[in-house]
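> Build me a structure from this.
(chains A and B)
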Amino acid sequence: MAKKRLHHSCPGILMTTLLCFFGLLLFFNSAYAADPVKIGIIGPMQIRPGIAMKQGAMMAADEINAKGGILGRKIELHYADTEFSPEKGITALNKLAVKDKVEVLIGGMTSGIVLAQMPYLSRYQLPFLGVAVASSTLTKLVKEDYDKNKYFFRVGILKDQLLAFDMVNFIANYVGKKYGIKKVAILLEKAKWTEGLDQAFTGLFGKFGMEVVMAEFFEIKTNDYSPIFSKVKKSGAQMTVEVHSHVSEVFIKQYYDQKVPLPVGGIALAAQSSDFWERSGGKCVGEFTSNFIYRIPITPKTIPFWDGYVKRYKDDPLVTATGTYDAIYVYKDAVERAGSFKADILIPALEKTNYVAALGTIAFEADHDLKYGPDYVAINWAQWQAPGKVTILYPEDRATGTVQFPEWIKLPQK
Amino acid sequence: MVALEILIYGAVLSGIYALLAVGFALIFGVARVINLTHGAFYMLGAYITYALSVLLNVPLILSIIGGMAIVFLLAICLDRFIIERIRTTMINVLITTLALSLFADQVILQIFGPDNRNIPAVISDRVTLLGVDIAGQRLLSLIISVAVIATLWLIITRTRMGNALLATAQDPEAAQLMGINTGRMFMITMGIAAMMAALAGGIVGSFLTVAPEMGMLPIIKAFSIVILGGLGSIGGSIIAALLIGYLETIVAYLISFNATELVPLVVIFITLIFRPAGIFGKRRGF
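Numbers count the residues shown, from 1 in each chain, chains lettered A, B, ... in the order given. Reported below is the predicted structural model:
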């Protein structure tokens, strides 16, 4: 009898269990959907590039939230300051992962700091879209130990080797050809990302038929460049190539003051700021500079982003602002394609990214490095010219003017 | 050619170092105080000059003088309201002045933000001296340093106030018994030293930079110079500034420009081991 009763009640129990299960699932799902998605912005938040990261992130988050968020979840931004130190960088990452419980990290500046943070990404299973880190070591780690390091993607800038290649290409094929320059002196700041770049440059310039007559590293905190520039003058070089991301305008001020009669330019983060003319007292006149973004139609999104940023912050966007802005959209795109915020599902989706951003079309190589080229992300070469404007020179289809040297640099045009 | 460059650039560097170190030495000599806000005065001088000249369009020379005057007043207030109360305990002075220096950095960071600033040059042209190209402002900084230090020397050796300062430096109690207001002497010394640091900050802004953290390096240089010269000895500080300025320039030109920052540290080590009182010091500083 009891057996029969049990037999009869079985479908009822099953139905009730299923109802409870789906009810709970619905409850947790709706609660989950209502939760904001927490994005951690990590970088040197007290200095200009870090402030620009924050501004780029806020702009992207506001735009996305106004359209309903990511899969119905609004973006909530959390910030942590690395203070330009690997130890503080780890503390900042721990704060975002453990206290704030962010689901993705965006930002990063200075490769040495991100290198120290790498082991923590797999521990927390936290994707990291690196915005201002150029060292190829980072993506080499992804290649060498994919399971452990797959969380890192480079979004905002190209890796050091590509930066080097693009710069050499500009100098050799544009400045070199125009002015018959064959010999260069290279001055590099001492940093993780410039390690080995002196050798790489020597090889690259050699391939383009040019010669590196001097390659020297200098300390980031150098206050007096006179001996360095004096050595450059005597080196027989026809152009000074600068490679630095932590050095302020002191470099170019003293280059001008010492009347070094050679064109100067290269990779100089400080020179990318729109107020660099003012900060250097106009002494950057004639300096070749580069940036991933200017107010030109690189993609249909470039000018709207630029104008929106300028309107909102009364300042031109730095590369870290653009990188962070684009990285948030890249994350949104991948989450929507994956239908999930979970790292293991998201990472394969991020790997398949082909997203038209403000910077260019963002796609990744197998080692999670940013794809390079006119169809993806490329560098624009320009020159600071009086009375304080940036003239784009190369690629020539994006040019807004031609080269002008200050009067003490006399080069015959070929 | 290299020798001429070393001669000229070394002189400019030594001049700036002397301007910073003489003030630092003066405070120790007269008031027996190691003032770690000295770097902050240098930084404040630069920022006030920047604010007056660039933001308020005050003529540059007046802006530099304005910077010196404001820093002079700040230093006098610092001495009157803070240092005077703790002067007898060296460690209290060290900790308090260090804390105030960090406080000043943060205040400037909050007001002006983290971006570097530029002060226009009084002389924006470049000069060719003995075949060496140099910014006019750098040369001017050397001339100003020499003039200011010479004036200070004259004041100390030829005026009644100078005599009072020397008397206070030798024995504050005896000086007080002779009717010298030693408290006032300490205050004036602090003001003069701070003014010299502010002047240095105002004139280097056009060829270096203006940034909240700019005060840290000068304090290391000034410290090593006064240790080498002998704590409290003004003449010793001038000679030590020349030695360190030229040593750094020679190392930069002939050995490696990345080794210059080692020079003051090596000098401190060697001096403390072999001559703890410094070249002209009469007693050990530590």
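
> And stretch B:1-21, what's buried?
Residues of stretch B:1-21 classed as buried: B:5-6, B:8-21 (neighbour count, 16 or more other C-beta atoms under 10 Å in any protein chain shown). Placement of C-beta: from N, CA and C, glycine included.

> what subset of the residues you listed is also close to chain A?
Residues of those in contact with chain A (C-beta under 8 Å from any C-beta of the partner chain): B:5, B:9, B:13.

> Any residue of stretch B:254-267 touching chain A?
Yes: judged by C-beta under 8 Å from any C-beta, stretch B:254-267 and chain A are in contact via B:257-258, B:260-261.

> Not counting residues beside it along the chain, what's closest to the residue in the stretch 1-150 of chain B positioned nearest to chain A?
Nearest residue of the stretch 1-150 of chain B to chain A: residue B:135, at 3.5 Å (C-beta to the nearest C-beta). Leaving out its chain neighbours, the residue that sits closest to residue B:135 by C-beta to C-beta, 6 or more residues apart in numbering or on different chains is residue A:257, at 3.5 Å.

> who's in contact with that neighbour?
Each residue near residue A:257 by C-beta atoms under 8 Å, 6 or more residues apart in numbering or on different chains is listed here: A:283, B:126, B:133-135, B:137-138, B:207.

> Which members of these occur in helices, if any?
Counting by DSSP state H, the part of those found in helices is B:137-138.

> Verify the stated contact: residue B:188 with residue B:161.
Yes: Residue B:188 lies in contact with residue B:161 (C-beta atoms under 8 Å); the separation is 7.3 Å.

> got any ranges where chain A has weak pLDDT?
Chain A contains residues with pLDDT under 70 at A:1-34, A:413-414.

> average pLDDT for whichever helix in chain B runs longest?
Using DSSP H to define each element, chain B has its longest helix at helix B:2-31. With pLDDT averaged residue by residue, helix B:2-31 scores 89.

> And the helix or strand following that helix, what does it pack against?
Once helix B:2-31 ends, the next helix or strand along the chain (criterion: DSSP states H and E) is helix B:38-50. Helix B:38-50 sits against helix B:2-31, helix B:60-78, helix B:90-112, helix B:182-204, helix B:216-229, with contacts defined as 3 or more C-beta pairs under 8 Å, 6 or more residues apart in numbering or on different chains; DSSP states H and E.

> Sort out which residues of the last one are buried, please.
Translated: helix B:216-229. Residues of helix B:216-229 classed as buried: B:216-219, B:221-229 (neighbour count, 16+ other C-beta under 10 Å).

> quick revisit: what's near enough to touch the residue of the stretch 1-150 of chain B closest to chain A?
Per C-beta under 8 Å, 6+ apart, neighbours of residue B:135: A:254, A:257-258, B:121, B:123, B:126-127, B:206-207.

> any idea how far residue A:378 is from residue A:243?
For residue A:243, the distance to residue A:378 (C-beta to C-beta, to the nearest Å) stands at 19 Å.

> out of the two, which sits in the busier spot?
Remark: of residue A:243 and residue A:378, residue A:243 carries more neighbours, 24 against 19, as counted by other C-beta atoms under 10 Å in any protein chain shown.

> so where does the more buried one fall, helix or strand?
Residue A:243 belongs to strand A:239-244 when assigned by DSSP H and E.

> which ones are touching the spatially closest residue to residue B:80 that is not a sequence neighbour?
Taking C-beta to C-beta, 6+ apart, and ignoring the residues beside it in sequence, residue B:80 has residue B:187 as its nearest neighbour in space, at 6.0 Å. By C-beta under 8 Å, 6+ apart, the contact set of residue B:187 is B:76, B:79-80.

> likewise residue A:258?
Each residue near residue A:258 by C-beta under 8 Å, 6+ apart is listed here: A:225-226, A:229-230, B:126, B:133-135.

> Write out the residues of the stretch 101-250 of chain B neighbouring chain A.
So far as C-beta under 8 Å from any C-beta goes, the stretch 101-250 of chain B lies against chain A at B:109, B:114-118, B:120-121, B:124, B:126, B:133-135, B:137-138, B:206-209, B:211, B:217, B:249.

> If the residue of the stretch 1-150 of chain B closest to chain A is in a bridge, with which residues?
Under DSSP bridges, the beta-bridge partners of residue B:135 are residue B:126.

> that older thread, which of the buried residues of helix B:216-229 lies closest to chain A?
Using C-beta to the nearest C-beta, the buried residues of helix B:216-229 come closest to chain A at residue B:217, 6.9 Å.

> surely that closest one meets residue A:223?
Yes: if you go by C-beta under 8 Å, residue B:217 and residue A:223 touch, sitting 6.9 Å apart.

> Find the residue closest to the residue in the stretch 151-286 of chain B positioned nearest to chain A in space, skipping its chain neighbours.
Nearest residue of the stretch 151-286 of chain B to chain A: residue B:252, at 4.0 Å (C-beta to the nearest C-beta). Leaving aside its chain neighbours, residue B:252 sits nearest to residue A:227 (4.0 Å; criterion: C-beta to C-beta, 6+ apart).

> what does residue B:47 give?
Among residues not flanking residue B:47 along the chain, residue B:108 sits closest, at 5.7 Å (C-beta to C-beta, 6+ apart).

> what's that neighbour in contact with, if anything?
So residue B:108 contacts B:43-44, B:47, B:212 (C-beta under 8 Å, 6+ apart).
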